[in-house]
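Enquirer: Return a 3D structure for these sequence lines:
(2 chains)
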2 protein chains.
Amino acid sequence: MTSHPFDAAIALTPSGDHAWTGHTSAAYGNMVGPFGGVMAAQALGGVLKHPQLLGEPVALTINFAAAMADGPFEVHARPARTNRSTQHWTLEVRQQGEVVLTGTTFTALRRDTWGAVEHAMPRVPRPQDVPIAQGPKRVEWVNRYEMRFIEGGLPAAWDGRDLGESRTRLWLRDAPARPLDFASLTALADVFFPRIWRRRSVLVPIGTVTMTVYFHAGAQQLRDAGEGYLLGQAQAQAFRGGYFDQSAQLWTEAGDLLATSHQVVYYKE
Amino acid sequence: MTSHPFDAAIALTPSGDHAWTGHTSAAYGNMVGPFGGVMAAQALGGVLKHPQLLGEPVALTINFAAAMADGPFEVHARPARTNRSTQHWTLEVRQQGEVVLTGTTFTALRRDTWGAVEHAMPRVPRPQDVPIAQGPKRVEWVNRYEMRFIEGGLPAAWDGRDLGESRTRLWLRDAPARPLDFASLTALADVFFPRIWRRRSVLVPIGTVTMTVYFHAGAQQLRDAGEGYLLGQAQAQAFRGGYFDQSAQLWTEAGDLLATSHQVVYYKE
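Expert: Okay, the predicted model is just below:
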């Protein structure tokens, strides 16, 4: 246990077979309830701490089924199928007996194979040449991340202008800096503000309903990334009928694609 | 019940609370077991046929936990959380008591809102100007789809040349043609052959381990699409340690983005 607020936020106490107890963290508070990225990391924690865990996370899907109340919660992580070198997990988070989060995780023993990054990191200025985002923070969790926007920051004015495009690129890392691991990478994959705010320059009410993270790197590559910056990129593909998607990539400064992520977000109007 | 082989393949018989029985279809047979897209559609069927269903599918994640044997299977679809206008489902498919597939689905009542397709359909020739793919079919399910490759078809030679890129674009629809619905769109999202075959010109053993489909259209738009062609595009972002991802888009001929999809695929070597 370190003194980092992220480690405090994702701490879990065993509370039965396949079950753990955690507590929401004010340090990662969102508009309503906690920051979803930390909730996802807490749920994944039930797998990462499980004595039957085989291998490392390769894919994670988290569904935000209901608003989580500030307070305690239970994580349930159960191996649904264990094969020779792979394992499939089902996840649930409950509060007062009600399901607030569902999910699945796929873990595997990674092997050395041919490899390539096909989605190359775009050419961007170095982190130290991009200013840290300042200004008022609407929600507490944003203070737990250092963000250096290269393009596609929050609109300068909420004037309802359709910008025709929703892409954001930024350098980011935990604040204070913290060595990267699967839990923090999961949360980092959810750091991007909702694409509809960027696209339409309007602060419509939103909420992520489902998020999937694909981990393209193993524990050793995450250790190698250390406390370095990640280049994050996020963009929507379609908005319709109250839901839009956003896809994201996270590269190391050296251009290694550590994770890709996809989510569906509810929006009003 | 029509006489279309897809409807026969996804037929389910109620077999208890939240449970259905189905049977694999030789018409959609793959190298080992059935075509994954049809398995995903069968699992989603447990939700689509469920008397408690609220709304329409917005997101679906399917994990292929083990090879499915030819024969009967049980679909278990349970509403984990029902809200005012949204519902979260957990899915399992079992054979002889063992879990072979896990998943989650998010359904919702769609509302009229502002909307936009941000990932525009690329400029491509019309379906009738692109020849139908001919040649030997290694597996039966491929005969159930009409495919017209615009670019990125199967390599002309399996010579191990790294093409540096894995993108495929093709027109596709059921064969024989069949009116589009959520089940067939789910299967169509898995039609793309593995990106690593294209990228490396090598027929390495592969298997999808997880697939997520985001439905950007409601039932009315799918009805409007009818038996028309869809433009499919698929590309990988990263290959490493025995797993790669591929992301796909499916547009109508008019440029409407009906679905986006993402998957992680195991590969050997």
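
Enquirer: those helices in the stretch 51-200 of chain A, which residues are they?
Expert: Assigned by DSSP state H, counting those that start in this stretch, the stretch 51-200 of chain A shows helices spanning A:182-188, A:195-200.

Enquirer: Can you lay out these as JSON lines showing mean pLDDT, mean neighbour count and distance to chain B?
Expert: For every residue, glycine as well, the C-beta is placed using N, CA and C. Shown next, in JSON lines, are these (pLDDT from 0 to 100; neighbours: other CB atoms under 10 Å in any protein chain shown; distance: least, CB to the nearest CB, whole Å):
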{"stretch": "helix A:182-188", "mean pLDDT": "98", "mean neighbour count": "24", "distance to chain B": "14"}
{"stretch": "helix A:195-200", "mean pLDDT": "97", "mean neighbour count": "23", "distance to chain B": "7"}
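
Enquirer: Identify whichever of the ones you listed lies nearest to B:R111.
Expert: Closest to B:R111 of these is helix A:195-200 (CB to CB; 14.4 Å).

Enquirer: what's the helix or strand that that closest one is followed by packed up against?
Expert: Per DSSP states H and E, the first helix or strand lying C-terminal to helix A:195-200 is strand A:206-215. Identification of packing neighbours for strand A:206-215 by 3 or more CB pairs under 8 Å, 6 or more residues apart in numbering or on different chains; DSSP states H and E yields helix A:36-48, strand A:56-64, helix A:182-188, strand A:257-267, strand B:56-64, strand B:98-108, strand B:257-267.

Enquirer: hmm, try it at 7 Å
Expert: The contact analysis (3 or more CB pairs under 7 Å, 6 or more residues apart in numbering or on different chains; DSSP states H and E) places strand A:206-215 against helix A:36-48, strand A:56-64, helix A:182-188, strand A:257-267, strand B:56-64.

Enquirer: Name the residues that touch stretch A:171-190?
Expert: The contact list for stretch A:171-190 (CB atoms under 7 Å, 6 or more residues apart in numbering or on different chains) reads A:4, A:6, A:10, A:36-38, A:40-41, A:44-45, A:48, A:56-57, A:60, A:127, A:130, A:143-148, A:191, A:211, A:213, A:215, A:222-223, A:225-227, A:229-232, A:248, A:250, A:258-259, A:261.

Enquirer: Please convert the buried members of those residues into ChimeraX selection syntax.
Expert: This is the ChimeraX syntax for the buried subset of those, where burial follows 16 or more other CB atoms under 10 Å in any protein chain shown:
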select /A:4,6,10,36,37,38,40,41,44,45,48,56,57,60,127,130,144,145,146,147,148,191,211,213,215,222,225,229,230,231,232,248,250,258,259,261
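
Enquirer: What score does A:E269 have for pLDDT?
Expert: Looking at A:E269, its pLDDT is 85.

Enquirer: Now for it: which residues touch it?
Expert: By CB under 7 Å, 6+ apart, the contact set of A:E269 is A:204, B:113-114.

Enquirer: before we move on, what about A:F149?
Expert: A:F149 neighbours (CB under 7 Å, 6+ apart): A:133, A:170.

Enquirer: and it, what are its bridge partners?
Expert: Beta-bridge pairing of A:F149 under DSSP bridges involves A:L170.

Enquirer: mind checking which helix or strand A:F239 is in?
Expert: Following DSSP H and E, one finds A:F239 within strand A:238-240.

Enquirer: who's in contact with that strand?
Expert: A:196, A:244-245, B:114-119, B:216-217, B:257.

Enquirer: re the thing from before, identify whichever of the helices of the stretch 51-200 of chain A lies nearest to B:A69.
Expert: It is, among the helices of the stretch 51-200 of chain A and with distance given as CB to CB, helix A:182-188, at 33.0 Å.

Enquirer: Now do the closest one: distance to the chain's middle.
Expert: Here the centre of helix A:182-188 is set off from its chain's centre by 6 Å, with CA atoms, centre = their mean, to the nearest Å.

Enquirer: do stretch A:167-174 as well
Expert: Mean-position distance between stretch A:167-174 and its chain equals 12 Å (CA atoms, centre = their mean).

Enquirer: Just the terminal-to-terminal distance for stretch A:251-269.
Expert: Using CA to CA, to the nearest Å, the end-to-end distance of stretch A:251-269 comes out at 33 Å.

Enquirer: tell me which residues in it are buried?
Expert: Within stretch A:251-269, the residues that count as buried by 16+ other CB under 10 Å are A:251-252, A:256-267.

Enquirer: before we move on, the earlier item: and the helix or strand just after the strand holding A:F239, anywhere near chain B?
Expert: Downstream of strand A:238-240, the next assigned helix or strand under DSSP H and E is strand A:243-252. Yes. If you take CB under 7 Å from any CB of the partner chain as the test, strand A:243-252 does meet chain B, through A:243, A:245, A:249.

Enquirer: bridging residues for the last one?
Expert: Right, the one you point to is A:Q249. Beta-bridge partners recorded for A:Q249 (DSSP bridges): A:Q233, A:T260.

Enquirer: burial measure for it, as a count.
Expert: The number of residues packed near A:Q249 is 25, by other CB atoms under 10 Å in any protein chain shown.

Enquirer: A:H119 is in contact with that one, correct?
Expert: Yes. A:Q249 lies in contact with A:H119 (CB atoms under 7 Å); the separation is 6.0 Å.

Enquirer: Now do the shared contacts for these two.
Expert: Joint contacts of A:Q249 and A:H119 (CB under 7 Å, 6+ apart) are A:257, B:237.

Enquirer: thinking A:V93 is in contact with A:V100, fair?
Expert: Yes. Judged on CB under 7 Å, A:V93 makes contact with A:V100 at a distance of 5.4 Å.

Enquirer: any shared contact partners between those two?
Expert: Each of A:F73 lies in contact with both A:V93 and A:V100 under the rule CB under 7 Å, 6+ apart.

Enquirer: of those two, who's got more company?
Expert: Taking neighbours as other CB under 10 Å, A:V93 and A:V100 compare with A:V93 leading, 27 against 23.
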